[in-house]
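A.B. asks: below are the sequence and a predicted model for it; my questions follow.
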Amino acid sequence: MLQREGEVRIPSGCAIAGIINRQGERFNGSDIIASIANMHQRSNGLGGGFAAYGIYPEYQDYYALHIYYDDEIARQQTEKYLNQNFRIVVNELLPLRPLRKIVDPPLIWRYFVLPREEKLMLSHLSEDDFVFRAVMWINDSQLGAFVASSGKNMAVFKGVGYPEDIGEFFRLEDYHAYLWTAHGRFPTNTPGWWGGAHPFTLLNWAVVHNGEISSYYTNRRFLEMYGYKCSLQTDTEVIAYIFDFLMRKQELSLAETLDVIAAPFWDSIQEKAQISLRRQYGALLLNGPFSIIVATGNGLIAVNDRIKLRPLVAATRNDYLYVASEESAIRVVAPVVDRVWTPGGGEPVIGLLNDRAGLLPDGEQEQSISA
Amino acid sequence: MIVKVVCSAEYCLGCGLCRIHCAAGHDGYNNSILKAYQRGTPRPRADLVYDQDRSWLNTCQHCPDAPCMNGCITGALQQDEQGVIYVDEEFCVSCYTCIMLCPYGHIHVGPQAVHKCDLCRGRSGQPACVDACPNGALRLIDEGESLCSM
Amino acid sequence: MSMNMLTPAFTVQRNPERCIRCGVCINQCANEVHHMEEDSWMWVEEERCVGCQRCGVLCPTHALTITEFPLHFRSNHHWSSAHIREIYAQSQTGGVLLTGMGNPRSYLSYFDHLLLNASQVTNPSIDPLREPMELTTYLGNKDSGKPDQHKPQLQLKVPIMFSAMSYGAVSLNVQKSLAQAAQQIGTMWNTGEGGLHADLREYSAHTIVQVASGRFGVNPDYLEAAAAVEIKIGQGAKPGIGGHLPGEKVTRDVAQTRMIPAWSDAISPAPHHDIYSIEDLAQLIETLQVATRYTKPIAVKVAAVHNIAAIASGIVRAGADIVVIDGFRGATGAAPMRIRDNTGIPIEMALAQVNQRLLDEGIRQQASLVAAGGIRSSADVIKAIILGADAVYIGTAALIALGCHMCQSCFTGRCNWGIATTDPGLSKRLNPHKGAVMAGNLLTAWEHEIKEMMGGMGINSVDSLRGNHLMLRGIGLERHELELLGVLAAGE
């Protein structure tokens, strides 16, 4: 009996790619599609997806919700919930290009919303936490509805199919973003459910992930203590929540966050602060092979597990930073590059928008980004 | 080079397993305890001493300038490069001078020759008594090793 | 008059073709089973034999066989021979049946029904010979916000510690062996409720001192000479009652260490008489924190009983840094047999339930969990960690490493292996230098085995193993048992 995402744990191998223009110049989706299409054999056609940042400048202060519905009833029930809690300025079907290769898509709707003032005040939550709770609720309790993305001026486009076909289906050539990430999936089961594809998002975080996390259940149970519901039972979901928990809730810096998820070995830890971090958040150590690209509105972070069990390559050309599972996926869109390198285990590649570079302490900037 | 087996009275149980394995390891019994004790004449090379609730194995100290070796009239008692004093049975005439000369009684009468502790020269590894002790009370020590480190 | 209906429990057979009349069996049996006449005729008093196998192990020609005495009752599933014999003993003495070591009855061992995962294809296994495999564990309260405000922690190189065994229940040489091994390996040993002997002060960085209901040996120096302090509310072998050291074992040295008169029974009260409810425990924890100037973790040890999840939650909220749960297979030097065999619950169940409860309440980070009670091998250790433990305590396994043969006669004080005795003549049978090597070897061997199993699962740090239930599957268990343990069945 085949079960779907959320009912059973489906490990997967994959392909990942990301491109950012650090000047903030926006470009359409053809490059990222070409990059991920080049790694066709790393997927098996059962999942593909993209995250795009900067695509809704005219609604940049609104939360852009992309929601998938199994049927009209689910949509009506969900929209009732949305109306109660949010001011909705736009609600429309996402423009699509039907393809024979994309079978049985769900209903995909797009909304630009803000929390209702009175509801927000009564909840005593920040806007972000309010939206976070609403998304958790819909994904967990609302049958037949799934929120694919819920960030500002960004969105995720994903489904069941090869990533290049998904890209074509969602007409990504019509969108312009300064940061694109992409994912192609090779799950070892047949989910048949669009919500299960990657990237996984939470507010402005979008995570794509290649590998399988053997520490999944340990990570999950820790996070559940703090209200995160791991309803999708995927590794990627847990990674996104870990970043949200450590950086947004616990206000750790990026360096500290990486010191938790890809912690240095005890034998080589020098700083007392690193020992304390590892001791306190040992349950959030990510064990198992992974290469991940975490994107936010500020830029992207790509990193491997600490013993480098998955591939990751990075390159720069002028204002562009490319990361991908394979060098060929970079060369196909940028045949000539200024620099190309392979980061070591646990060493991050950080590509931030130039005007956000202040988010990193000076030292880190030098060692992590080329040029 | 001074070598000898020392015994810690703190851990010696007086069980006698050291003597049993010593006897089986000499005189051609080839480490077979049954052969030595059921069909042969076992000859342990050292004696257990008891004093109230303590016991210990009294073993030859392989003295430098040993009185037994100095007094041997045929040169049967030799000291090898390791410092072990042993009996070359071919030359022993059982005059028993050595037995009288040893202040501690470490040499014993035998049928063809005298016998004494030879630190299991012909055996690889530790002396038989050291291996046999169930409580680690026996140790082979080398010159320079402190006895207190037991 | 008297006819003793208790026929011998063991029979001692001597093979005449192998016996060399060396007398080792005679001088090594503290129960005086073996005898030899002047003409070398040997005979045995089998009714004295407790089945400790000392003579069998030391006999240089393996001439001795010790087996259960073959006087069989007619087969009866309800009335086992043990039940019948126990009644004979009680009808002849009117006494409470005493016994030693842990519950031997045939209850289910859940560890034996749990299987481990291994990585195949979708996730590579990690090679422990070529890659670092981390077992370093910290025990303490990890929930204190900013890293520089962290509460005190114990650092363990391996997640295995030596369990509480008091001086008096065991010999000083046993404690010296364990303390030295703990120091060498980089873990902890526990004094038990008998106080801390002066000879053991040098190991204080690796010592956990126990404050039990009898408060034996508890003074400021005691607390000073410790890395952590453990309040012992109960132990798995005898939930609900206090420790019992028969007067025969209370030598002058034991008495001095415990601060009691020599040769008198040392019976700890059933409850701490200043802990009658959870808020009293909070007071004692705080008292000890103040007395140790907040520099040492305070642990609380309880037996695994029916309401253990709620109890553990209360203990954490009362301020304990470490919660120790002792399952019903836990051992003891002396306990009434009926309590040992019929009280308490398995550690596997307790651990799964406590871990889940602390997670549900969001307080799991506030205290480390230590599991104890019949941990027999490195496989049990790893399963306990997967079920949620931060570390385990081993007691029986450590004593077996030192030579214990599980004859359950500890309460007599005549332990032939020099372990559960304070008689100087018997205590010398355990050379602590040898003992430290043997105990250290056990931990080293288990450490390597744990690394192999972890590597097979694709995990290179014990941090990622803790509470990772998906790494276990149950086999031969009922559905409700699987649910209570929080594991799926093999095949799911």
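C.D. replies: In hand now; what should we look at? Note that the coordinates shown come from a computational prediction; the quantities given were computed from them, not determined experimentally.

A.B. asks: contacts for stretch C:347-357 next, please.
C.D. replies: Residues from elsewhere that reach stretch C:347-357, judged by CB atoms under 8 Å, 6 or more residues apart in numbering or on different chains: C:110-111, C:114, C:236, C:304, C:308-310, C:312-313, C:323, C:325-329, C:364, C:369, C:371-375, C:383-384, C:387-389, C:467, C:484-486. The way it works is simple: take the backbone N, C-alpha and C, and place the C-beta from them, glycine included.

A.B. asks: how close does the nearest residue to residue A:267 once chain neighbours are set aside sit to residue A:46?
C.D. replies: Leaving aside its chain neighbours, residue A:267 sits nearest to residue C:132 (6.9 Å; criterion: CB to CB, 6 or more residues apart in numbering or on different chains). For residue C:132, the distance to residue A:46 (CB to CB, to the nearest Å) stands at 35 Å.

A.B. asks: so how far is the first residue of stretch A:326-346 from its last?
C.D. replies: 18 Å (CA to CA, to the nearest Å).

A.B. asks: can you list contacts of that stretch?
C.D. replies: Residues lying outside stretch A:326-346 but in contact with it, judged by CB under 8 Å, 6+ apart, are A:15, A:17, A:19, A:31, A:34-36, A:38-39, A:42, A:258, A:262, A:264, A:302-308, A:311-318, A:320, A:322-324, A:349, A:370-371.

A.B. asks: on that earlier part again, only the buried subset of the contacts of stretch C:347-357, as a PyMOL command please.
C.D. replies: With 16 or more other CB atoms under 10 Å in any protein chain shown as the burial test, the buried ones among these are selected in PyMOL as follows:
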select buried, chain C and resi 110+111+114+236+304+308+309+312+313+323+325+326+327+328+329+364+369+371+372+373+374+375+383+384+387+388+389+467+484+485+486
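
A.B. asks: check the contacts of stretch C:347-357 against chain A, which are close?
C.D. replies: Contacts with chain A within those, counted by CB under 8 Å from any CB of the partner chain: C:364, C:467.

A.B. asks: among the contacts of stretch C:347-357, name the ones in strands.
C.D. replies: C:114, C:323, C:325-326, C:369, C:371-372 (DSSP state E).

A.B. asks: could you dump those residues to TSV with pLDDT and distance to residue A:356?
C.D. replies: Written out in TSV, the entries for those read as follows (pLDDT from 0 to 100; distance: CB to CB, whole Å):
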residue	pLDDT	distance to residue A:356
C:114	98	49
C:323	98	45
C:325	98	49
C:326	97	54
C:369	98	42
C:371	98	47
C:372	97	52
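
A.B. asks: so which of these is the closest to residue B:20?
C.D. replies: residue C:372 (41.2 Å; CB to CB).

A.B. asks: re earlier: name the residue in residue C:132 and residue A:46 with the higher neighbour count.
C.D. replies: With other CB atoms under 10 Å in any protein chain shown as the criterion, residue C:132 and residue A:46 differ in neighbour count, and residue A:46 comes out ahead with 21 against 15.

A.B. asks: touching, the more buried one and residue A:160? I think so.
C.D. replies: Yes: contact between residue A:46 and residue A:160 holds when scored by CB atoms under 8 Å: they sit 6.0 Å apart.

A.B. asks: which regions of the chain lie under the pLDDT threshold?
C.D. replies: Here I'm looking at chain A. A:1-13, A:188-192, A:358-371 (pLDDT under 70).

A.B. asks: should've been chain B
C.D. replies: Of all residues in chain B, those with pLDDT under 70 make up the ranges B:1-2, B:143-150.

A.B. asks: show me chain B divided up by domain.
C.D. replies: Taking automatic domain parsing as the domain assignment, the record places the domains of chain B at B:1-59+B:126-142, B:64-116.

A.B. asks: return the most buried member of those.
C.D. replies: Neighbour counts (mean count of other CB atoms under 10 Å in any protein chain shown) averaged over each of the domains of chain B peak at domain B:1-59+B:126-142, with a mean of 19.

A.B. asks: any idea how far it is from the chain center?
C.D. replies: With CA atoms, centre = their mean, to the nearest Å as the basis, domain B:1-59+B:126-142 stands 8 Å off its chain's centre.

A.B. asks: can it be found next to chain C?
C.D. replies: Yes: using CB under 8 Å from any CB, domain B:1-59+B:126-142 reaches chain C at B:10-11, B:13-17, B:20-21, B:33-34, B:37-38, B:53, B:132, B:134-137.

A.B. asks: mind checking the SS state of the residue nearest in space to the middle of chain B?
C.D. replies: In chain B, the centroid-proximal residue (CA atoms, centre = their mean) is residue B:117; its distance is 2.4 Å. In three-state terms, and counting by DSSP: H, G, I helix; E, B strand; the rest coil, residue B:117 is coil.

A.B. asks: that one reaches residue B:106, doesn't it?
C.D. replies: Yes: in this structure, residue B:117 is within contact of residue B:106 by CB under 8 Å, at 6.5 Å.

A.B. asks: quick revisit: what sits against the residue nearest to residue A:267?
C.D. replies: Contact partners of residue C:132, counting by CB under 8 Å, 6+ apart, are A:265, A:267, C:460.

A.B. asks: how close does it get to residue A:67?
C.D. replies: With distances defined as CB to CB, the gap from residue C:132 to residue A:67 amounts to 45 Å.

A.B. asks: could you do residue C:375 as well?
C.D. replies: Computed as CB to CB, the residue C:375 to residue A:67 distance reads 50 Å.

A.B. asks: surely residue A:214 touches residue C:455?
C.D. replies: No: with contact defined as CB under 8 Å, residue A:214 does not count as touching residue C:455 (10.8 Å).

A.B. asks: those two: who's more crowded?
C.D. replies: residue A:214 (30 against 21).

A.B. asks: so who does the more buried one touch?
C.D. replies: Applying CB under 8 Å, 6+ apart, the residues contacting residue A:214 are A:287-288, C:119, C:123, C:457-459, C:464, C:468, C:471.

A.B. asks: which bits of the stretch 1-150 of chain C sit near chain A?
C.D. replies: Applying CB under 8 Å from any CB, one finds that the stretch 1-150 of chain C approaches chain A through C:119, C:122-124, C:126, C:131-132, C:134, C:136, C:138, C:142-143, C:147-148, C:150.

A.B. asks: sorry, that was for the stretch 251-400 of chain C
C.D. replies: Close to chain A, as judged by CB under 8 Å from any CB, the stretch 251-400 of chain C has residues C:359, C:362, C:364-365.

A.B. asks: of those residues - the most surrounded one?
C.D. replies: With neighbours set by other CB under 10 Å, the maximum within those is found at residue C:364, which has 25 neighbours.

A.B. asks: residues near residue A:336, how many?
C.D. replies: Count around residue A:336 with other CB under 10 Å applied: 7.

A.B. asks: checking residue A:337 next. Helix, strand or coil?
C.D. replies: On the three-state scheme (three-state DSSP), residue A:337 is labelled coil.

A.B. asks: how much space between it and chain C?
C.D. replies: 30 Å (CB to the nearest CB, to the nearest Å).

A.B. asks: how close does that residue get to residue B:51?
C.D. replies: Per CB to CB, residue A:337 is found 88 Å from residue B:51.

A.B. asks: can you give me the strands in the stretch 351-492 of chain C?
C.D. replies: The residue ranges that make up the strands of the stretch 351-492 of chain C, judged by DSSP state E, counting those that start in this stretch, are C:368-372, C:391-394, C:472-474, C:488-489.

A.B. asks: tell me which of those strands sits nearest to residue A:178.
C.D. replies: strand C:488-489 (44.5 Å).

A.B. asks: does chain A have contacts with the closest one?
C.D. replies: No: on the criterion CB under 8 Å from any CB, strand C:488-489 is out of touch with chain A, staying 10.2 Å away.
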